[in-house]
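Trainee: Give me a model of this one.
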Amino acid sequence: MQATPFRSTLRTLCAAALIGLPSASWAASDEAMRDALNAARQQQWQQIDQSAIDGHILSGYVEYHRLRQQLPNVSVSQVLQFIEQHGDSPLGEWLRGQAIANYGYAGRFSDLLAVADGEPAGTARQCYYYTALLDRAPEQARTAGLALWRVGSSQPDACNALFSRLRADGTIDATAIWERKMLAWQAGEQRLSTYLGGLLSGQWQTAIDTAERANTSLNSLTTAPTCLGPECAATAAFYQAAMQRYTREDTPRAFAAWQQIAPRLTLAPSDQQVIEEELAFYALVRDVPGTLSWVDSVLPSLQSERVLELRVRRALAERQWTDVIHWIAEMPASQQESSRWQYWLGRANEQLGNQEAAQARYQQAAQDRSFYGFAAAEKIGQPYRLNHERHHFDEATREDIARLPAVQRTQALLRIGEEGLANSEWLHAVREASPYQARALADYAAQQQWHARLVQTTIAGEMWDALEWRFPPAYRDSFLHWGRMTGVDPFLLMAITRRESAYNPVALSPAGARGLMQLMPGTATQVSRQLGLSDPGPYGVLDPELNIRLGSTYLRDKLDRYRGNRLAATAAYNAGPGRVDQWLGSNSMESFDLFVESIPFRETRDYVQAVLSYRVIFESLANGGSSEGVSLLNDSEQSVRYDRALVQR
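Mentor: Numbering: from 1, shown residues only. Model (predicted):
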């Protein structure tokens, strides 16, 4: 790649950004800046030594907090000036959002519209924005306001004025109130549902009473009136909400009730489709006896990708290969053209003896860099299509990148311990950059060994084929060492870590899993005791080397449990060995691909596919980008029967 044109562009950007900023001031104390930022957050302005931070590249952060505190008593011109001055930083948009919220709260709607740049993020700000827009663009505001109204939970107080005006002008009418009441009832928001019922006139009392009876006993649905509310306006929303609750609570009884109710109801096709789509989904998920023929009869009219997926998986579980082909053909083109379904069309045709059709489907699937793409390539004896995109940037370009203000702010934020703000600065720069500039930033992150930030850079910049950046050799020596010490495939360790934490050593999941390999505290304690180590505690486990050692040992134990089978061990790493034992015990799958599709948890199905395809990519990159000699699974993993015998006793 030619780097020279970009260098002149970067120099122009640097020069423009540096106007008005004395270069000597960049030497101001980082320590003073750290203290000033902490004081600004706490609004302790008297503790800030302004002279020590004047001209510092991060001084805009202190000014942001100053203006934020003064809102709404800040002029529009000041806000717009700050946004323009910090347009290459997230600070500008942050202050815009704060101004919208504060101007809206103060009722300064003309000022709000002056600083707004289209619909803001966040419900409260959106409500303020569309309240302000009611007089200027009433139709747009009414449409958006009605969408904000139609939710089954309470909305922020910021929405009160908007909803009041929409009720006054009839946009939110009695039917809209009833529809929201049903959404709240369906979501279990009883207080909101009761409040909304109080807004309705006596004409709706029969509908309210019917909903109350159904709330006590869903069995009452079979005797509920078929016309509710004025001109039956409450009927569709009631039956949709009631049937969804019934379906999720007791699918077999809900199905039986629907067989009685449906012939008596007069619903629009779209309303009936909502009910039947949910019912068909849960009938398949829960394998409700006696429902399959009904599902097959309604499925073509549902236009539901998730139900079609379940129906194909059901056919795969029963080895009904003709049905596999039939139901994949019912999928929309965007769904059936994926490598997953092209692979299964190949498998189905192969099982039915249609070798030419099977070859064509495998050929199509093998174009993709994915689990099923790799599996298809192996079927037809073709190399994997990695579609690897390589880039080269010279040292002069890297030096220019280092001089960019956004990069210098990122570095300064890292120096003062502001990791989160540094990530915001960096990713804002990537999102605002041209594709070429974004790749130059990725190259810089790779040179800095910012592994987690590099992965996020490829996501923000949509660099899906830049494999060396998406899958960098982070902690490579540790993975090789502990893989050798435990006998675990190091590329599998790398793949699991890439999927679990994307190399963030301090990653913390909502469930409490920690570190690179996302170990639960109890697991870390157990494995440490097994190794004769002291309990690392919730923070010690974040140490990358220890986390990899413990994670490698834990994965080794799972591999031992499943006779070295990496697919089963990977599933157990995500879902737990108890569940995998159960899946192997309840099903007998003669091939790895059928076992993958039989995994009932979508998260685990996706997880094992991602990890095993990542493993292929890591090994291929270690081979200089060639997949020669690399396989998705070994011969044993491909040929073994996936059943109870796989579990080591």
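
Trainee: For Gly515, what are phi and psi?
Mentor: Main-chain torsions, Gly515, degrees, to the nearest 10: phi 80, psi -170.

Trainee: surely it meets Leu542?
Mentor: Yes. The criterion here is Cβ atoms under 8 Å, and Gly515 meets it with Leu542 at 4.9 Å. For every residue, glycine as well, the C-beta is placed using N, CA and C.

Trainee: Compare the two and say which one has the larger neighbour count.
Mentor: The residue with more neighbours, out of Gly515 and Leu542, is Gly515; 28 against 19, by other Cβ atoms under 10 Å.

Trainee: which residues does that one contact?
Mentor: Gly515 is in contact with Ser501, Pro505, Val506, Ala507, Val541, Leu542, Asp543, Pro544, Asn547, Gly551, counting by Cβ atoms under 8 Å, 6 or more residues apart in numbering.

Trainee: Same list (those) but as CSV, adding pLDDT, distance to Gly585 and secondary structure.
Mentor: Converted to CSV, the contacts of Gly515 look like this (pLDDT from 0 to 100; distance: Cβ to Cβ, whole Å; DSSP: H, G, I helix; E, B strand; the rest coil):
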residue, pLDDT, distance to Gly585, secondary structure
Ser501, 97, 31, coil
Pro505, 96, 37, coil
Val506, 96, 38, coil
Ala507, 96, 33, coil
Val541, 96, 32, coil
Leu542, 97, 36, coil
Asp543, 97, 37, coil
Pro544, 97, 37, helix
Asn547, 98, 32, helix
Gly551, 98, 26, helix
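
Trainee: Who wins on neighbours among those?
Mentor: Counting neighbours by other Cβ under 10 Å, Gly551 leads the contacts of Gly515 with 28 neighbours.

Trainee: Okay, and the spatially closest residue to it that is not a sequence neighbour sits in which element?
Mentor: Spatial nearest neighbour of Gly551, excluding adjacent residues (Cβ to Cβ, 6 or more residues apart in numbering): Met517 at 3.1 Å. Applying DSSP states H and E as the criterion places Met517 outside every helix and strand.

Trainee: ok so, going back, so which of the contacts of Gly515 is the closest to Arg66?
Mentor: Val506 (30.4 Å; Cβ to Cβ).

Trainee: Quick check: which ranges of the protein have low pLDDT?
Mentor: The model of the chain has pLDDT under 70 over residues 1-28.

Trainee: the residue most distant from the middle of it, which is it?
Mentor: In terms of distance from the mean C-alpha position of the chain, Gly202 ranks first, at 44.6 Å (Cα atoms, centre = their mean).

Trainee: Counting neighbours, what do you get for Asn73?
Mentor: With other Cβ under 10 Å as criterion, Asn73 counts 8.

Trainee: Export the contacts of Gly515 as TSV, with columns for distance to Glu425.
Mentor: Listed next are those as TSV, based on distance: Cβ to Cβ, whole Å:
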residue	distance to Glu425
Ser501	22
Pro505	20
Val506	19
Ala507	20
Val541	29
Leu542	24
Asp543	27
Pro544	24
Asn547	27
Gly551	31
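
Trainee: Farthest pair within these?
Mentor: Greatest spatial distance among the contacts of Gly515 (Cβ to Cβ): Val506 and Gly551, at 15.0 Å.

Trainee: Relative to Thr175, how far out is the residue farthest from the centre of the chain?
Mentor: As judged by Cβ to Cβ, to the nearest Å, Gly202 and Thr175 stand 16 Å apart.

Trainee: Same check on Ala446?
Mentor: Note on Ala446: its distance to Thr175, by Cβ to Cβ, is 57 Å.

Trainee: same question, Arg96
Mentor: With distances taken as Cβ to Cβ, Arg96 is found 36 Å from Thr175.

Trainee: can you check Ser59 too?
Mentor: Between Ser59 and Thr175 the computed distance is 54 Å (Cβ to Cβ).

Trainee: do Trp583 as well
Mentor: Trp583 is 47 Å from Thr175, by Cβ to Cβ.

Trainee: of these two, who's got more company?
Mentor: Per other Cβ under 10 Å, whichever of Trp583 and Thr175 has more neighbours is Trp583, with 22 against 17.

Trainee: residue contacts, that one?
Mentor: Trp583 makes contact with Ala571, Phe595, Ser598, Ile599, Pro600, according to Cβ under 8 Å, 6+ apart.

Trainee: Same check on Ala412?
Mentor: Counting by Cβ under 8 Å, 6+ apart, Ala412 touches Asp30, Met33, His56, Ile57, Leu58.

Trainee: how about a cut-off of 10 Å?
Mentor: By Cβ atoms under 10 Å, 6 or more residues apart in numbering, the residues touching Ala412 are Trp26, Asp30, Met33, Arg34, His56, Ile57, Leu58, Tyr61, Glu418, Leu421, Ala422, Glu425.
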